[in-house]
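Chemist: give me a model of this one.
(one chain, ligands or ions: 2)
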Amino acid sequence: MERMFGRPIITQEQMRSRIRELGRQISADYAGKDLVLVGVLKGAYAFFADLARAIRIPVRIDFIVVTSYGTGAKTSGKVKLVTELTEQIKNKDVLLVEDIVDSGLTVQYLMKTLAKRKPNSIQVCTLLSKPDRRVVNVPVQYIGFKIPDQYVIGYGLDYQQKYRNLPYLAVLDQASEKDA
Ligand code: IMP
Ligand code: MG
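Modeler: Ligands and ions are numbered 1, 2, ... in the order given. Have a look, this model is predicted:
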């Protein structure tokens, strides 16, 4: 029998259908614009790949790597940019693609940093949002799912760098915590 990790809260089917909607909405909103999708790694890798393919207008893609957490489930509140963009974003419309907006510190930092390069616009698309955990008020234009204050894994999100490859979203349980 397949070993389950955590308690699934968003299935692959729910994910697929919501991402299709987001893709449609983004395609309509950015029609005729010079859109650059910027994926925030590592967490956004799975969502990014699915979202990009659900968008029906030509886009450029780029990635940045940030670290905002230690290796556990608790926030350090610190954000560091580990890599640089390879695309020019000046005068272009940037859509930051995130796995989850939690405290909002990562998104706040990234928007501030990328704004210095004078893009035409910067907005955020996140698969998940935990509104109860917000410590800074950041504008998030596209949200896949709002979830309660629980630590989640899978579909790109990790616990101590594991479980990113789970094809669904699950709440971390004690068994997975022990395995990690
Ligand atoms: P923020 O800066 O507090 O908004 O946190 C953003 C980052 O924290 C996300 O991009 C994730 O990498 C990580 N994170 C926050 N909550 C979770 C969670 O429930 N599971 C896994 N990673 C999380
Ligand atoms: Mg992240």
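Chemist: get me the contact residues on the chain for ligand 2.
Modeler: Selection of the chain residues close to ligand 2 by C-beta under 5 Å from the ion yields G43, D99. (Glycine included, C-beta is placed from N, CA and C.)
Chemist: give the residue spans of the chain that score low on pLDDT.
Modeler: Along the chain, the parts satisfying pLDDT under 70 run over 1-4, 68-77, 174-180.
Chemist: helices along that one, start to end?
Modeler: Listed in chain order, the helices of the chain (DSSP state H) span 12-29, 45-54, 105-115, 174-179.
Chemist: export those to CSV and tack on mean neighbour count and distance to D93?
Modeler: CSV is the format used below for the helices of the chain (neighbours: other C-beta atoms under 10 Å; distance: least, C-beta to C-beta, whole Å):
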stretch, mean neighbour count, distance to D93
helix 12-29, 15, 10
helix 45-54, 19, 15
helix 105-115, 18, 12
helix 174-179, 13, 39
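Chemist: list just the one of the ones you listed that sits closest to G154.
Modeler: helix 45-54 (8.7 Å; C-beta to C-beta).
Chemist: helices or strands up against that closest one?
Modeler: Applying 3 or more C-beta pairs under 8 Å, 6 or more residues apart in numbering; DSSP states H and E, one finds that helix 45-54 contacts helix 12-29, strand 35-41, strand 60-69, strand 93-101.
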